[in-house]
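# Take this sequence and fold it.
(one chain, ligands or ions: 1)
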Amino acid sequence: MLRPLLSLTGGLIATLLAGALSAEPLSQEDLSVAEVLRDRALESSDAYSIVESLTVEVGPRPAGSEGDRRAVAWAQEKMKALGFDRVYTEQIEVPRWARGHAHARVVAPFPQPLVVTSLGYGIGTPEGGITAEVVEFADVDALMKAPARKVRGKIAFINKRMERTRTGEGYGPVVSGRSKGMTAAAEKGAAALLIRSVGTDSDRFAHTGMMSIDGIEKPVPALALSAPDANLLEAMLSRGKPVEVNLDVHNQRLEDGPSFNVIGEITGREKPEEVVIIGAHLDSWDEGTGALDDGAGVAIVMETARLIGELPLRPRRTLRVILYGAEEIGLVGAKQYLAAHQSELDQIVAVSESDFGAGKIWRFDTRLPETKFDIADQMMRLLAPLGIERGHNKSSGGPDSSVFVARGVPAFGLYQDGTDYFDYHHTPNDTLDKVDPEILKQNVAAWIVMSFLAVEMEGDLGRVPVAQ
Ligand SMILES: [Zn+2]
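Here you go, the predicted model:
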């Protein structure tokens, strides 16, 4: 009696198991293809040669500049050469700016030069420069709260250090000094703004970056000091005597002009109108070659699409690679893309962006409806062997992706190790030697698992409720 009962139970369990397995959203076949793609990426990823090509053949590419124009041409040619089905551009309108020289020196009490760089879209000084006393603030809030008489006619110096972390979360609390400091200084009648660079290095490079420039009647020159120069100024101020600095800055605000989002697609075989968007930004700051920010991201998403395009069969839906223009100056390309494609929002299945350098991916974040978590769990089976752990469900999908996420589009976030990202970020030191070809392969391997399964899966990801 026992044997037949056991075999009956065994049969029941097998049936139940099969039922449970078939209830999983991603098919075994899709997972197998994703695994093959993942391992191919680890073996043969060509992402490094893409970022090498971009940094060597184009280099710096600030929005609307000559370098930007060459980057747009480069991206189209490269996508065509890599076998994309469709390659096209969409024009955007961008504010433009040209950096001139920026010299700073202590005049008294201990005359010596300081290494500085202008913040993005900053104005110059009058001919001959300006000389004024420096007044120090712990952070931008302290500057905002200070009485105007303490700041008027002086150089406001925001001296806040950034903490080094793997997640980069030290950036947020410090970057407000860069984005809002100039406005705060101008409103109090300061002669200029100096900030300690938003970075984690101790190199004698200053970090540039965008600041808010809208609606300010009388902007003032705004510059970042390299970390060692901020230390120097801090030490002089600590001696209790007035410190006078001379600033001589030449920048030029240019007329608005055109730039472009560059878009390439692997067209879906069954539901071509449904798209998964993977992106990076094509523009960079002007002082480095934009290898980490965001040449690596450009290479990762282009290589991901190339490998998927090499499959014998096109994926079920369309994989759309968007290389956004003018991210650095305020997500201009992403915002204009969204505005131009409002009516197609429902067709965007998911978004993701690579824009945090070239470090190893260690965490997989999502922004999915709770009913779709099982899809991420299945993806994790192929991501875990790459050393990736499951993260949270609050992913923004990356800076440009966040405009779609704000409208309820699901997002994936493959989080890179950012421990040293802010050593180089927005400096002349953001160059190709900081990109490790082997680590880039791990990135592409992870991106291909996520991207392939999202374009190939049977079901969809629904919409994520947006907080009102
Ligand atoms: Zn970036």
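
# So, low pLDDT: which residues of the chain?
Scanning the chain for pLDDT under 70 picks out 1-22, 468.

# Which strand or helix spans residue 379?
helix 373-383 (DSSP states H and E).

# Revised request: answer the last question for residue 303.
Using DSSP H and E, residue 303 sits in helix 296-309.

# Follow the chain on from the helix holding residue 379 and name the next helix or strand.
Taking DSSP H and E as the definition, the helix or strand right after helix 373-383 is strand 389-390.

# Count the residues that sit near residue 105.
16 (other C-beta atoms under 10 Å). (C-beta placed from N, C-alpha, C; glycine too.)

# Can you tell me the closest non-neighbouring residue to it?
Nearest non-adjacent residue to residue 105, counting by C-beta to C-beta, 6 or more residues apart in numbering: residue 113, 4.7 Å away.

# Let me know whether the one you found touches residue 104 as I believe.
Yes - counting by C-beta atoms under 8 Å, residue 113 does reach residue 104; the two are 7.2 Å apart.

# Compare these two and say which is more crowded by neighbours.
The neighbour count for residue 113 versus residue 104, taken as other C-beta under 10 Å, is higher for residue 104 (24 against 11).

# Can you classify the more buried one as helix, strand or coil?
Following DSSP: H, G, I helix; E, B strand; the rest coil, the label given to residue 104 is strand.

# Is the residue nearest to residue 105 in a helix, a strand, or coil?
strand.

# List the contacts of it.
Contact analysis of residue 113 by C-beta atoms under 8 Å, 6 or more residues apart in numbering lists 103, 104, 105, 106.

# Can you tell me which of those residues is nearest the ion?
residue 104 (26.4 Å; C-beta to the ion).

# how close does the closest one sit to residue 206?
According to C-beta to C-beta, to the nearest Å, residue 104 and residue 206 sit 10 Å apart.

# repeat for residue 337
The value you get for residue 337 to residue 206, if C-beta to C-beta is used, is 32 Å.

# Among those two, which residue is more densely surrounded?
Using other C-beta under 10 Å, the more surrounded residue of residue 337 and residue 206 is residue 206, with 30 against 22.

# Let me see the contact set for that one.
Counting by C-beta under 8 Å, 6+ apart, the residues that residue 206 touches are 115, 116, 117, 197, 223, 224, 225, 226, 229, 427.

# Looking at these, which are in helices?
Secondary structure from DSSP state H places residue 229 of the contacts of residue 206 in helices.

# Bridged to residue 118, which residues?
Beta bridges link residue 118 to residue 223 when assigned by DSSP bridges.

# burial of residue 402, as a residue count?
17.

# Make 12 the starting number, not 1.
I'll keep to 12 as the first residue from here, and by that count the last item is residue 413.

# since we're on the nearest residue to it once chain neighbours are set aside, how many residues are nearby?
Residue nearest to residue 413 in three dimensions, not counting chain neighbours: residue 407, with 4.3 Å by C-beta to C-beta, 6+ apart. The number of residues packed near residue 407 is 19, by other C-beta under 10 Å.

# what separates the helix holding residue 314 from the chain centre, distance-wise?
The chain centroid and the centroid of helix 307-320 are separated by 16 Å under C-alpha atoms, centre = their mean, to the nearest Å.

# Repeat that for stretch 194-211.
Counting by C-alpha atoms, centre = their mean, stretch 194-211 comes out at 24 Å from the chain centroid.

# Just the buried positions in that stretch, please.
For stretch 194-211, a neighbour-count test (16 or more other C-beta atoms under 10 Å) marks 194-199, 201-211 as buried.

# for the helix holding residue 314, packing partners?
If you count contacts as 3 or more C-beta pairs under 8 Å, 6 or more residues apart in numbering; DSSP states H and E, helix 307-320 packs onto helix 39-55, helix 58-68, helix 77-92, strand 263-277, strand 282-292, strand 328-335, helix 448-467.

# What helices and strands are in contact with the fourth one?
Helices and strands in packing contact with strand 263-277 are listed as helix 77-92, strand 97-109, helix 307-320, strand 328-335, helix 343-351; criterion 3+ C-beta pairs under 8 Å, 6+ apart.

# For the first one, list the C-alpha coordinates in PDB.
C-alpha atoms of helix 77-92 as PDB (Å, rounded to 0.1, in the frame of the first residue of the first chain):
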ATOM      1  CA  GLU A  77      31.700  71.500 -31.800                       C
ATOM      2  CA  GLY A  78      32.700  68.400 -29.900                       C
ATOM      3  CA  ASP A  79      29.000  67.700 -29.300                       C
ATOM      4  CA  ARG A  80      28.400  67.900 -33.000                       C
ATOM      5  CA  ARG A  81      31.200  65.400 -33.700                       C
ATOM      6  CA  ALA A  82      29.900  63.100 -31.000                       C
ATOM      7  CA  VAL A  83      26.400  63.100 -32.600                       C
ATOM      8  CA  ALA A  84      27.900  62.100 -36.000                       C
ATOM      9  CA  TRP A  85      30.200  59.500 -34.300                       C
ATOM     10  CA  ALA A  86      27.200  57.900 -32.500                       C
ATOM     11  CA  GLN A  87      25.200  57.600 -35.600                       C
ATOM     12  CA  GLU A  88      28.000  56.100 -37.600                       C
ATOM     13  CA  LYS A  89      28.900  53.700 -34.800                       C
ATOM     14  CA  MET A  90      25.300  52.500 -34.300                       C
ATOM     15  CA  LYS A  91      25.100  51.800 -38.000                       C
ATOM     16  CA  ALA A  92      28.400  49.900 -38.000                       C
END
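
# starting at the chain centroid, how far to that helix?
With C-alpha atoms, centre = their mean, you get 19 Å for helix 77-92.

# which residues sit against that helix?
61, 64-65, 68-73, 98, 100, 270-271, 273, 275, 293-294, 297, 309, 313, 332, 334, 336.
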